[in-house]
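[1] quick check, what structure comes out for this input:
(one chain, ligands or ions: 1)
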Amino acid sequence: MDTITAYKSHLTEIAKLGSALSLLGWDQHTHMPKKGVAFRSQVIGKLTKMRFELSVSDELGSAIDELEGRDDLSDLERGSVRRVGKDFRRQKAVPPEFVEEFAVARSNAQAAWAKAREASNFGDFEPHLEKMVGFARRLAEYYGYDDHPYDALLEGFEPGMTCAELRRIIEPLREQLVPFLARLMKEGTRPDASALEGTFELETQRRLARRALETIGYDFDAGALDDVAHPFTTTIGPGDVRVTNRYADLHLGPGFFAALHEGGHALYNQGMGDDLFALGLANGSSNGIHESQSRMIENQVGRSLPFWTFFQPILAEHFPQFAQVRPETLHGAANIVEPSLIRVEADEVTYNFHIMLRFEIEAGLIDGSIAVSDLPRLWNDGMERYLGVTPPNDALGVLQDVHWSMGAFGYFPSYMLGNLYAAQMLTTLRKDVPNLDELIRSGEFGRLLSWLRKNVHQHGAAYEPKELIERITGDPFDASHFVRYVTEKYSRIYRL
Ligand code: ZN
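    Residues are numbered from 1 along each chain as shown. Now for the predicted structure:
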C-alpha cells in the first residue's frame with residue numbers, strides 16, 4: 001500500500017472510533033437513562049484510549065513525515081497532512097502520565113465547580129481552579145510557543161491566532177462598541193420585547209424548530225433533532241449530523257434561535273464531503289469558523305427583517321396568536337439589546353464584551369500576572385467597566401461558565417472571533433449575492449446555502465481560519481466589518 005493510502009486508512013480507523021464516541025456522547029445527553037452512566041463512562045474511556053493510541057502511533061508519525069516532503073498531493077491532502085501533523089506533534093508532546101493526572105483533576109474540578117456554583121461560593125472552587133491553571137500552564141510549556149504561553153493554548157481552538165493579535169483586535173473593538181452601547185441605551189428607542197413572550201406548547205415549539213431547520217436547508221435525511229439540557233450539534237459520521245435543542249415555556253426566543261444556531265453548525269458539517277473523514281478534516285477550520293456559521297444563521301439571517309417577513313405566516317400557522325403581529329414587531333423583539341450578567345444570554349452588541357473580560361483574565365492567569373484568588377473582584381470590576389452591571393453573587397458572575405473547570409483555557413475567544421468572521425464573510429456574501437435580502441424575504445435559502453457550501457463548508461479543516469477568511473473575502477481578517485454591521489443594524493432598530 002502506498003503511503004497516502006495507508007495514511008487515509010489509518011485516519012479512517014480513527015474516524016470510526018470518533019463516530020462511536022460521538023454517538024455514545026449524543027445518546028448520553030439525549031436518551032440514556034441515569035443509571036447507565038457508570039458503565040457508559042467506562043466504555044467511553046476505553047474507546048477514547050484506543051483512539052488516542054491510534055492518533056499518536058509511530059505508523060501515523062512516519063506517514064506524516066514522509067507526506068510532508070511530497071509535492072504531488074492535492075490541496076485537501078496537503079491541508080490534511082498539515083492539520084493532522086500539528087495535532088500529532090501536540091499530542092506527542094504531552095507525557096501520558098500528565099494526560100491521566102489532568103483527566104482525574106478535571107473530573108474533580110468539574111464536580112467542585114457544579115457544587116460551588118450551586119452554593120454561589122467561589123472559595124469552594126478556588127483550589128480546583130488553581131490546579132486547572134497549573135495544568136494549563138504546564139500544557140502550554142509542553143506544546144511550546146514563541147511569544148506568550150497563552151498562544152500555545154489558543155492554537156488548539158483557533159490555529160494561527162495569538163494573544164498579541166487578539167489584543168490588537170480587541171482594542172479598537174472596545175473603543176467603538178463601549179460608547180455605542182451607551183448611546184443605544186441612552187438615546188435609542190427600545191423595541192417592544194413582549195411579542196415573543198407568552199405560553200408556548202412544547203410540542204408545537206419542536207415542530208416550529210424543525211420547520212426552521214428545514215427552511216435553512218438542514219437535511220433531516222442526514223440528521224435528527226432531539227431535546228437536551230444544553231444544546232449542541234454532533235457529527236456521527238458521513239450522512240449523520242445531529243442537532244439538539246431545548247425550549248422555554250414562556251418565551252419563544254431561546255428555543256427558536258438556539259435551533260437556528262445549532263442548525264448553522266449542522267449545515268457546516270452536512271456540507272463537508274465524505275472524503276474529508278479519511279483526511280481528518282471533517283471538523284471545521286476552527287471553533288471560531290464553526291461559530292461564524294452558527295452566528296450567521298442565527299443572527300445575520302434569523303434575526304433579520306427579511307427573515308421575519310418570510311417566516312411570520314409560518315409562525316402564525318404554528319401559533320395562531322401571531323396572525324396579526326407584524327414582521328417588524330417580531331424583528332424588534334428578536335433584537336433587544338440589554339447589558340446583562342450571563343454570557344450565553346447576551347445579545348449581538350454586548351456578547352463580545354463578555355469574551356473580552358474572559359480573555360483578559362485567562363491571559364493573566366496563564367502568564368502569572370493574575371492570581372486566582374483575585375478573580376471575583378477582577379470579574380466584577382470588568383463587568384462594571386464593560387457593561388455597567390455588577391453581579392450580585394459568584395453564581396451569576398465568575399462561576400457561570402463550565403470551561404475553566406474543564407481546564408479549557410483559550411476557548412472563549414473563538415466565540416468572539418465567530419462573530420467577527422461572520423460579519424466579514426457577510427460583506428463578501430452581499431457582494432456576491434446582491435439580492436440576498438430579497439431571496440430571504442421570499443423564502444429562497446438555496447443561494448445562501450450554496451455560497452456557504454462553496455466558500456466555507458466543503459473545505460472542512462483544510463485551511464486555517466485566517467487563510468480561509470482571506471480566500472473567501474480576498475482581504476486579511478478585519479474586525480471592522482463587525483463594528484459596521486452591528487452599529488448599522490442596531491442604529492436602525494433603535495432609531496438613533
Ligand atoms: Zn455555537
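[2] please make it C-alpha for all contacts and neighbour counts, starting now.
    Will do.
[3] residue boundaries of the strands in the stretch 201-350 of the chain?
    Here the stretch 201-350 of the chain has its strands, by DSSP state E, counting those that start in this stretch, at 223-227, 233-237, 240-245.
[4] and the chain, what are its domains?
    Listed domain ranges for the chain are 3-121, 163-493 (source: automatic domain parsing).
[5] winner for burial among the strands of the stretch 201-350 of the chain?
    strand 240-245 (a mean of 25; mean count of other CA atoms under 10 Å).
[6] relative orientation of it and strand 233-237 in degrees?
    Interaxial angle, strand 240-245 versus strand 233-237 (axes from the mean of the first three to the mean of the last three CA atoms, to 10 degrees): 160 degrees.
[7] what pLDDT does residue 107 get?
    pLDDT recorded at residue 107 is 89.
[8] element containing it, please.
    Assigning secondary structure by DSSP states H and E places residue 107 in helix 96-119.
[9] list the buried ones in that helix?
    102, 105-106, 109-110, 112-114, 116-117 (16 or more other CA atoms under 10 Å).
[10] pipe the strands of the stretch 201-350 of the chain into JSON lines and attach mean pLDDT per row.
    As requested, these are exported to JSON lines (pLDDT from 0 to 100):
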{"stretch": "strand 223-227", "mean pLDDT": "98"}
{"stretch": "strand 233-237", "mean pLDDT": "98"}
{"stretch": "strand 240-245", "mean pLDDT": "98"}
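[11] ranges for the helices of the stretch 251-400 of the chain?
    Per DSSP state H, counting those that start in this stretch, the stretch 251-400 of the chain carries helices over the ranges 252-270, 287-295, 305-318, 327-333, 351-367, 375-387.
[12] of these, which is nearest residue 493?
    Among those, the nearest to residue 493 by CA to CA is helix 327-333 (6.7 Å).
[13] tell me what the closest one is packed against?
    Packing contacts for helix 327-333, counted by 3 or more CA pairs under 8 Å, 6 or more residues apart in numbering; DSSP states H and E, involve helix 305-318.
[14] please redo it, this time with the cut-off set to 10 Å
    Contacts defined by 3 or more CA pairs under 10 Å, 6 or more residues apart in numbering; DSSP states H and E place helix 327-333 against helix 305-318, helix 480-493.
[15] got the contact list for it?
    When contacts are defined by CA atoms under 10 Å, 6 or more residues apart in numbering, helix 327-333 is touched by residues 190-197, 253, 302-313, 322, 334, 490, 493-494.
[16] and the helices of the stretch 251-400 of the chain as a markdown table, adding distance to residue 91?
    Converted to a markdown table, these look like this (distance: least, CA to CA, whole Å):
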| stretch | distance to residue 91 |
| --- | --- |
| helix 252-270 | 24 |
| helix 287-295 | 18 |
| helix 305-318 | 44 |
| helix 327-333 | 46 |
| helix 351-367 | 20 |
| helix 375-387 | 30 |
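[17] got the ones you listed as CSV, with mean neighbour count, distance to residue 396 and mean pLDDT columns?
    Formatted as CSV, the helices of the stretch 251-400 of the chain follow (neighbours: other CA atoms under 10 Å; distance: least, CA to CA, whole Å; pLDDT from 0 to 100):
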stretch, mean neighbour count, distance to residue 396, mean pLDDT
helix 252-270, 25, 19, 98
helix 287-295, 26, 24, 98
helix 305-318, 19, 32, 98
helix 327-333, 21, 24, 98
helix 351-367, 20, 13, 98
helix 375-387, 18, 10, 97
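[18] for residue 86, list the residues it contacts.
    Residue 86 neighbours (CA under 10 Å, 6+ apart): 64, 80, 92, 155-156, 159.
[19] next up, phi/psi of it, please.
    Main-chain dihedrals, residue 86, degrees, to the nearest 10: phi -60, psi -50.
[20] leaving out chain neighbours, which residue sits closest to residue 198?
    residue 250 (5.1 Å; CA to CA, 6 or more residues apart in numbering).
[21] repeat that for residue 14.
    Closest residue to residue 14 apart from its sequence neighbours, by CA to CA, 6+ apart: residue 51 at 5.8 Å.
[22] correct me, but the one you found touches residue 12?
    No: in this structure residue 51 lies outside contact range of residue 12 using CA atoms under 10 Å: 11.1 Å.
[23] picking that back up, could you dump the domains of the chain into TSV with distance to residue 133 added?
    Below are the domains of the chain laid out as TSV (distance: least, CA to CA, whole Å):
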stretch	distance to residue 133
domain 3-121	11
domain 163-493	7
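[24] mean neighbour count, those: which tops it?
    Most buried among the domains of the chain, counting by mean count of other CA under 10 Å: domain 163-493, with a mean of 19.
[25] how distant is that domain from the center of its chain?
    Distance of domain 163-493 from the chain centroid (CA atoms, centre = their mean, to the nearest Å) equals 8 Å.
[26] ok, which of the helices and strands packed on helix 327-333 comes nearest residue 374?
    helix 480-493 (31.8 Å).
[27] list the helices and strands that closest one packs on?
    helix 163-187, helix 327-333, helix 412-432.
[28] can you redo those helices as JSON lines with distance to residue 86?
    JSON lines is the format used below for the helices and strands packed on helix 480-493 (distance: least, CA to CA, whole Å):
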{"stretch": "helix 163-187", "distance to residue 86": "19"}
{"stretch": "helix 327-333", "distance to residue 86": "44"}
{"stretch": "helix 412-432", "distance to residue 86": "19"}
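[29] show me what contacts residue 76?
    82, 275-276, 279, 281, 459-463.
[30] now render those as JSON lines, adding pLDDT and distance to residue 26.
    Listed next are those as JSON lines, based on pLDDT from 0 to 100; distance: CA to CA, whole Å:
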{"residue": "82", "pLDDT": "97", "distance to residue 26": "29"}
{"residue": "275", "pLDDT": "95", "distance to residue 26": "23"}
{"residue": "276", "pLDDT": "97", "distance to residue 26": "21"}
{"residue": "279", "pLDDT": "98", "distance to residue 26": "23"}
{"residue": "281", "pLDDT": "97", "distance to residue 26": "21"}
{"residue": "459", "pLDDT": "97", "distance to residue 26": "25"}
{"residue": "460", "pLDDT": "97", "distance to residue 26": "21"}
{"residue": "461", "pLDDT": "97", "distance to residue 26": "22"}
{"residue": "462", "pLDDT": "96", "distance to residue 26": "26"}
{"residue": "463", "pLDDT": "97", "distance to residue 26": "28"}
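[31] closest to residue 408 among these?
    Among these, and counting by CA to CA, the member closest to residue 408 is residue 461, at 20.9 Å.
[32] the closest one is in contact with residue 280, isn't it?
    Yes: counting by CA under 10 Å, residue 280 is a contact partner of residue 461 at 8.1 Å.
[33] hey, what's in contact with both of those two?
    79-80, 83-84.
[34] I would like the residues contacting stretch 188-201, please.
    Contacts of stretch 188-201 (CA under 10 Å, 6+ apart): 181-182, 184, 247-254, 318-319, 321-322, 325-326, 328-338, 490-496.
[35] about what we covered before: and for residue 51 and residue 12, which residues touch both?
    With CA under 10 Å, 6+ apart, residue 51 and residue 12 have common neighbours residue 18.
[36] CA-only coordinates of stretch 278-287 in PDB, if you can.
    What follows is stretch 278-287, C-alpha atoms only, in PDB (Å, rounded to 0.1, in the frame of the first residue of the first chain):
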ATOM      1  CA  ALA A 278     -10.500   9.800   5.700                       C
ATOM      2  CA  LEU A 279      -8.400  13.000   5.800                       C
ATOM      3  CA  GLY A 280      -9.100  14.000   9.400                       C
ATOM      4  CA  LEU A 281     -10.700  17.200   8.100                       C
ATOM      5  CA  ALA A 282     -14.300  16.700   8.900                       C
ATOM      6  CA  ASN A 283     -14.500  19.000  11.900                       C
ATOM      7  CA  GLY A 284     -14.300  22.500  10.500                       C
ATOM      8  CA  SER A 285     -11.400  25.000  10.200                       C
ATOM      9  CA  SER A 286     -11.600  26.100  13.900                       C
ATOM     10  CA  ASN A 287     -14.000  26.700  16.700                       C
END
